[in-house]
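K.L.:
next input, structure requested:
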Amino acid sequence: SGSFQARVASAVEEAKTTLSEMEELVGRFATWYTPTVLGLAVALGLYKGFQQFLVVVVAGCPCALLGAAPFVQGATLTLL
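P.N.:
Below is the predicted model of the structure:
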């Protein structure tokens, strides 16, 4: 039954030490997805040219997926 500030501090410390299920899923996905896309981009770049390399890298960019987890965690903390 601590103060609101103590509960927030406790929640923040807990969030720093644990990963959510989504963060773990994204981490597992990124371990194979990113090297696969880069390998495909390099192979196409060597075969078809630099423009195709760039097309695959930009089209396969996982930034939206990999960047979403920290934003979700921050949004959750604001609801406390």
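
K.L.:
after the helix or strand Ala9 falls within, which helix or strand is next?
P.N.:
Applying DSSP states H and E as the criterion places Ala9 in helix 4-17. As assigned by DSSP H and E, the chain's next helix or strand after helix 4-17 is helix 21-48.

K.L.:
for the helix or strand following that next one, give me every contacting residue.
P.N.:
Downstream of helix 21-48, the first helix or strand assigned by DSSP H and E is helix 50-59. Contact partners of helix 50-59, identified using Cβ atoms under 8 Å, 6 or more residues apart in numbering, comprise 37-38, 40-42, 44-45. Glycine gets a C-beta too; all of them are placed from N, C-alpha and C.

K.L.:
could you dump the residues you listed to CSV with neighbour count, pLDDT and distance to Val58?
P.N.:
Below are these laid out as CSV (neighbours: other Cβ atoms under 10 Å; pLDDT from 0 to 100; distance: Cβ to Cβ, whole Å):
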residue, neighbour count, pLDDT, distance to Val58
Val37, 16, 86, 10
Leu38, 14, 87, 12
Leu40, 14, 91, 13
Ala41, 19, 90, 9
Val42, 13, 93, 14
Leu44, 18, 92, 12
Gly45, 17, 92, 12
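
K.L.:
mind giving me CSV with those residues and columns for distance to Ala59?
P.N.:
CSV is the format used below for the contacts of helix 50-59 (distance: Cβ to Cβ, whole Å):
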residue, distance to Ala59
Val37, 9
Leu38, 13
Leu40, 10
Ala41, 9
Val42, 15
Leu44, 11
Gly45, 13
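
K.L.:
how many neighbours does Ala11 have?
P.N.:
13 (other Cβ atoms under 10 Å).

K.L.:
err, Cys61, not the other one
P.N.:
12.

K.L.:
now do the SS call for it.
P.N.:
When classified by DSSP: H, G, I helix; E, B strand; the rest coil, Cys61 comes out as coil.

K.L.:
any figure for the gap between it and Trp32?
P.N.:
Computed as Cβ to Cβ, to the nearest Å, the Cys61 to Trp32 distance reads 16 Å.

K.L.:
let's see the pLDDT reported for the nearest residue in space to Gly27 that is not next to it in sequence.
P.N.:
With sequence-adjacent residues excluded and distances taken as Cβ to Cβ, 6 or more residues apart in numbering, Gly27 is closest to Leu19, at 7.5 Å. For Leu19, the model assigns a pLDDT of 70.
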